[in-house]
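Enquirer: Got a sequence here, can you model it:
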Amino acid sequence: MPKMPKLYSPYGPRPKRSAQLVLIWMVILIFALVATFYLTTRERGIISDTDTRLVDEINKIKEQAEGDGVKGKMGKMVP
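Expert: Purely as a prediction, here's the structure:
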């Protein structure tokens, strides 16, 4: 009788994963975590400086508008 080809069955025993495959996936995961951490932390200082400058400019414009005595001239500014 000819040997039947082995078909995949979800109920049968699963093949053992190779250690090399597990190691490759772990390296990929660690690389992704390090890259994500690097990309999120390198912009932190730049964004804070930009936010501070923007708030200062908005406050300066508000002070000028209040000093002019013309409140209807500028729309309501939301920071």
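Enquirer: Show the pLDDT at I24.
Expert: I24 carries a pLDDT value of 96.
Enquirer: meant to ask about P79, not that
Expert: pLDDT, the model's per-residue confidence, is 65 for P79.
Enquirer: ok, now T52?
Expert: 78.
Enquirer: can you tell me which helix or strand it belongs to?
Expert: With elements taken from DSSP states H and E, the one containing T52 is helix 44-68.
Enquirer: Ranking helices and strands of this protein by mean pLDDT, which lands last?
Expert: Least confident helix or strand of the chain, by mean pLDDT, DSSP states H and E, is helix 44-68 with a mean of 76.
Enquirer: Return the set of buried residues in the helix holding T52.
Expert: Taking 16 or more other CB atoms under 10 Å as the basis for neighbour counts, the residues of helix 44-68 that come out buried are A65. C-beta coordinates here come from the backbone N, C-alpha and C atoms, glycine included.
Enquirer: That one packs against which elements?
Expert: Judged by 3 or more CB pairs under 8 Å, 6 or more residues apart in numbering; DSSP states H and E, helix 44-68 has no packing partners among the helices and strands.
Enquirer: helix or strand for V22, which one?
Expert: In this structure, V22 is located in helix 19-41 according to DSSP H and E.
Enquirer: Name the residues that touch that helix?
Expert: If you take CB atoms under 8 Å, 6 or more residues apart in numbering as the criterion, helix 19-41 is touched by no other residue.
Enquirer: Can you show me the CA trace of it as PDB?
Expert: These are the backbone C-alpha positions of helix 19-41, laid out as PDB (Å, rounded to 0.1, in the frame of the first residue of the first chain):
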ATOM      1  CA  ALA A  19      15.900  27.600  18.200                       C
ATOM      2  CA  GLN A  20      17.200  29.700  15.300                       C
ATOM      3  CA  LEU A  21      13.700  30.800  14.300                       C
ATOM      4  CA  VAL A  22      12.900  31.800  17.800                       C
ATOM      5  CA  LEU A  23      16.200  33.800  18.000                       C
ATOM      6  CA  ILE A  24      15.500  35.600  14.800                       C
ATOM      7  CA  TRP A  25      12.100  36.700  16.000                       C
ATOM      8  CA  MET A  26      13.500  37.900  19.300                       C
ATOM      9  CA  VAL A  27      16.200  39.900  17.500                       C
ATOM     10  CA  ILE A  28      13.500  41.500  15.300                       C
ATOM     11  CA  LEU A  29      11.300  42.300  18.300                       C
ATOM     12  CA  ILE A  30      14.200  43.900  20.200                       C
ATOM     13  CA  PHE A  31      15.300  45.900  17.200                       C
ATOM     14  CA  ALA A  32      11.700  47.200  16.700                       C
ATOM     15  CA  LEU A  33      11.500  48.200  20.400                       C
ATOM     16  CA  VAL A  34      14.800  50.000  20.300                       C
ATOM     17  CA  ALA A  35      14.000  51.800  17.100                       C
ATOM     18  CA  THR A  36      10.600  52.900  18.500                       C
ATOM     19  CA  PHE A  37      12.200  54.200  21.700                       C
ATOM     20  CA  TYR A  38      14.900  56.100  19.700                       C
ATOM     21  CA  LEU A  39      12.400  57.700  17.400                       C
ATOM     22  CA  THR A  40      10.100  58.800  20.300                       C
ATOM     23  CA  THR A  41      12.800  60.200  22.500                       C
END
